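In: give me the fold of what follows.
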Amino acid sequence: MTLTDVHGASNSPGAVPLQGDARDNDLWRRFAEAATQGEFAESWLSLQCTMVAGVRSALLLLGTPDKGPFFPAAVWPAPDFDVNHLVPAAERALKERRGFLAEHQPTGRNGGPPARTVHIAHPVTALGKLHGAVVLEVPGQSDDRIQDVMRRLHWGTAWLEVMVLRADAKAASQTNDRLRKVLDSVADTLEHDRFQGAAMAFVTRLATMLECERVSLGFIGRGRLRISALSHSAEFGERANLTRAVEGAMEEATDQQSLVVFPPPPDAPPLVIVGHDALARQFGAGAICTAPLGPDDAPYGALCLEFPAGRDPEPQIIELVRTIAALAGPILGTKRSEDRWLAAKAAEKAARGLGILFGPRHLALKFCGLVLCILAAVLWFMEGTYRVKAPTVLEGQIQRSVCAPFNGYIAEAVARAGDVVQAGSALCILDDRDLRLEHAKWVAQREQLLKEHRGARAKFDLAQVRITEAKINQAEAELALVQEQLTRARVTAPFDGVVMSGDLSQSLGAPVERGQILFEVAPLDAYRVIVQVDERDIGDIEVGQQGQLALPSLPGELFPLTVSTITPVLTAKEGRNYFRVEAQVQKVSNRLRPGMEGVGKVEIGKRRLIWIWTHEMVYWVRLKLWFWLP
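Out: Model (predicted):
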């Protein structure tokens, strides 16, 4: 624990505390009506020093229980009185957690003999925790008198314990109130079996409980976030502008993976709040609080609360929203995923089961009778590493499509599939002659309008001046649009990588439409391996398993890999069924290229060699017997 230094503005005692019943009554009134901890501490110390005759100075320290730092909560006889000589006694009381007295020999004033004083210190504890200490400086007196002062100080600290307990009770009450609100909001989601009903009840209860103007709930689906429920509104599809604005604010929270408050508090970290600002300006929201739903690194939805004008959410409300989103988000997400047609869920499970039970089985190696028996007896006790082998394809971690920025024609093809490109390098150049003519047209038109504007001003024709100004603004806007399109005529690579598809060298002069995919670019330093695991072996695959990849184009070199994702989708290809399993390459070579194919082996674990070599045949026999037997 730490103790802050106590400095006073003056080295001489302040005014002597006022005496008399009127002044005592005033102190008691202030003590009874104290609204804050500081007022309570000051009035208590004044009363304590008034009740103990002869007190020269006093210091009360309070701070974080058992940890500190401890700050001066009250100083007597005046707030600016220098009480640094009381600090050693206060430090000892905090360290030893017990009351004691210590003699003090101050320097005499005006050349006179020093006056002997006694420092009486007592710790302030409540429920076994140290909250601070109090020190009184009294003149040297008899032992009985000192004992009386210590007794009075010990009894007086009980009031400080009451103050601490009141503060704890208030904090506990606020915590209980927040917990009640959290449980009420979560209970609303559990009372409904269907997702839509649970979502509507949740946002409506939250809007009423927190006095919000509007509460929105959205989830990410098919690559974008969409609103699923809006408080006090069952139909919100027609309110397109509001829906887009709210979804934009939600996407800001999910993209940044952080709770966003608008207007941002002074101590808030810097976050993008463009969408929140637009929502507030367009629909008059006073304050907005948006919390992402789901894990911090992969949110799948967001909760947006709009407060009325003039009511900014307090920190307690923001923390409450964060807690509600953390608890109710997984519940609503589970209900949303489970709220599907029973036939669809049954069909998916049936397809998965049939994919494992039915399908082609390959016979293992055949052995002669005696050799097979002897070898089987030997190999029964031997173990080896069981590996699942499957065809693999190397893909880029990401793959970016480069599209035509506007309708036009191919003027020059700079790159094609297989070329390694740098970020910002040209992939192709579109014909910009039409755009340049359009640019010259608007430049001439703007000049003509400027002449007309000057002529109208010379004639003081105010109406014509305004008309020409509007036309000039229009011409400048069109001119800016054409200039922007001219800058996009040179189609460039978004990052360093290799061109996966796109060859325009045979299409020079061909027309392209806006949005048409011209190239696909993938990076060269981030890869993922797609292992096409046969349906017979998918049951052995788990996330985190290790393996190796061999590529025919790089013979003699093995690349370690780690399984990262198992996609439960069955795909038919070349007469066999397989599951798509994603793995990460642990060693990257500059000779690797997206699209390379090879063979991958995933290590499952230790198995008996006889089982490794015969389990496929055993499974095939079992399947056939089950199929033919009644």
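In: ranges for the helices of this structure?
Out: 21-32, 37-51, 87-96, 143-190, 195-209, 240-256, 274-283, 315-338, 342-357, 369-379, 433-458, 462-487, 609-628 (DSSP state H).
In: rank these by pLDDT, which is bottom?
Out: Mean pLDDT per stretch puts helix 342-357 lowest among the helices of the chain, at a mean of 58.
In: need the helices of the chain in TSV (columns: distance to Pro295).
Out: C-betas here are computed from N, CA, C, even on glycine. Supplementary listing: these in TSV, determined by distance: least, CB to CB, whole Å:
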stretch	distance to Pro295
helix 21-32	51
helix 37-51	39
helix 87-96	43
helix 143-190	18
helix 195-209	20
helix 240-256	11
helix 274-283	22
helix 315-338	9
helix 342-357	24
helix 369-379	46
helix 433-458	47
helix 462-487	39
helix 609-628	37
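In: how about the nearest residue to Arg214, chain neighbours excluded?
Out: Among residues not flanking Arg214 along the chain, Glu306 sits closest, at 4.4 Å (CB to CB, 6 or more residues apart in numbering).
In: list the residues that contact the one you found.
Out: Contact analysis of Glu306 by CB atoms under 8 Å, 6 or more residues apart in numbering lists Cys212, Glu213, Arg214, Val215, Ser216, Leu279, Phe283, Ala285, Gly286, Ala287, Ile288.
In: cool, and Thr189?
Out: Counting by CB under 8 Å, 6+ apart, Thr189 touches Ala198, Ala199, Ala201, Phe202, Ala328, Ile331, Leu332, Lys335.
In: try 6 Å this time
Out: Taking CB atoms under 6 Å, 6 or more residues apart in numbering as the criterion, Thr189 is in contact with Ala198, Phe202, Ala328, Ile331, Leu332.
In: make a markdown table out of the residues you listed and add neighbour count and distance to Arg580.
Out: Putting the contacts of Thr189 into a markdown table (neighbours: other CB atoms under 10 Å; distance: CB to CB, whole Å) gives the following:
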| residue | neighbour count | distance to Arg580 |
| --- | --- | --- |
| Ala198 | 23 | 33 |
| Phe202 | 27 | 36 |
| Ala328 | 24 | 33 |
| Ile331 | 14 | 30 |
| Leu332 | 25 | 29 |
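In: packing partners of the longest strand seen in the chain?
Out: Using DSSP state E, we find that the single longest strand of the chain is strand 558-573. Using 3 or more CB pairs under 6 Å, 6 or more residues apart in numbering; DSSP states H and E as the contact criterion, the elements in contact with strand 558-573 are strand 546-550, strand 576-585.
In: ok, which of these comes nearest Ala458?
Out: Proximity to Ala458, assessed across those by CB to CB, is greatest for strand 576-585 (72.5 Å).
In: touching that closest one from outside, list them.
Out: Defining contact as CB under 6 Å, 6+ apart, one finds that strand 576-585 is touched by 359, 527-529, 531-535, 538, 541, 559, 561-567, 570-571.
In: selecting buried members of those residues in ChimeraX, what would you type?
Out: When burial is assessed using 16 or more other CB atoms under 10 Å, the buried subset of those is captured in ChimeraX by this command:
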select :359,527,528,529,531,532,533,534,535,538,541,559,561,563,566,570
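In: so what's the residue nearest to Arg214 bridging to?
Out: The residues listed as beta-bridge partners of Glu306 by DSSP bridges are Arg214, Ile288.
In: list the buried residues for stretch 385-405?
Out: Neighbour-count burial for stretch 385-405 flags 386-396, 402, 404-405 (criterion: 16+ other CB under 10 Å).
In: quick check: which of those residues has the minimum pLDDT.
Out: Summarising pLDDT for these: the lowest-scoring member is Gly396, with 73.
In: may I have the beta-bridge partners of that one?
Out: Taking DSSP bridges, one finds Tyr527 as the beta-bridge partners of Gly396.
In: got the contact list for the nearest residue to Ile472 once chain neighbours are set aside?
Out: Nearest non-adjacent residue to Ile472, counting by CB to CB, 6+ apart: Leu449, 4.7 Å away. Taking CB under 6 Å, 6+ apart, we find Leu449 in contact with Thr468, Lys471, Ile472, Ala475.
In: ok, back up a step: how about a markdown table for the helices and strands packed on strand 558-573, with mean neighbour count and distance to Trp611 added?
Out: Rendered in a markdown table, the data for those read as follows (neighbours: other CB atoms under 10 Å; distance: least, CB to CB, whole Å):
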| stretch | mean neighbour count | distance to Trp611 |
| --- | --- | --- |
| strand 546-550 | 19 | 19 |
| strand 576-585 | 19 | 22 |
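In: switch these over to TSV; also include distance to Thr614.
Out: Below are the helices and strands packed on strand 558-573 laid out as TSV (distance: least, CB to CB, whole Å):
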stretch	distance to Thr614
strand 546-550	22
strand 576-585	21
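In: of these, which is nearest Lys601?
Out: Closest of these to Lys601 is strand 546-550, at 5.4 Å (criterion: CB to CB).
In: need the contact partners of the closest one.
Out: Surrounding strand 546-550, the residues in contact under the criterion CB under 6 Å, 6+ apart are 392, 529, 558-562, 598-603.
In: what do you get if the cut-off is 7 Å, keeping everything else the same?
Out: In this structure, residues lying in contact with strand 546-550 by CB atoms under 7 Å, 6 or more residues apart in numbering are 392, 529, 558-562, 583, 585, 598-603.
In: ok, so of those residues, who is nearest Leu130?
Out: Using CB to CB, the shortest approach to Leu130 within these belongs to Thr562, at 51.3 Å.
In: what about the closest one, distance to Ile398?
Out: Summarising the geometry, the distance separating Thr562 from Ile398, computed by CB to CB, to the nearest Å, is 19 Å.
In: same question for Pro511.
Out: Separation of Pro511 from Ile398 (CB to CB) stands at 29 Å.
In: let's have the contacts of Glu306 in JSON lines, adding neighbour count and distance to Pro77.
Out: Compiled in JSON lines, these are given as follows (neighbours: other CB under 10 Å; distance: CB to CB, whole Å):
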{"residue": "Cys212", "neighbour count": "26", "distance to Pro77": "51"}
{"residue": "Glu213", "neighbour count": "19", "distance to Pro77": "53"}
{"residue": "Arg214", "neighbour count": "21", "distance to Pro77": "56"}
{"residue": "Val215", "neighbour count": "24", "distance to Pro77": "55"}
{"residue": "Ser216", "neighbour count": "28", "distance to Pro77": "59"}
{"residue": "Leu279", "neighbour count": "28", "distance to Pro77": "56"}
{"residue": "Phe283", "neighbour count": "16", "distance to Pro77": "58"}
{"residue": "Ala285", "neighbour count": "23", "distance to Pro77": "52"}
{"residue": "Gly286", "neighbour count": "16", "distance to Pro77": "48"}
{"residue": "Ala287", "neighbour count": "22", "distance to Pro77": "46"}
{"residue": "Ile288", "neighbour count": "27", "distance to Pro77": "51"}
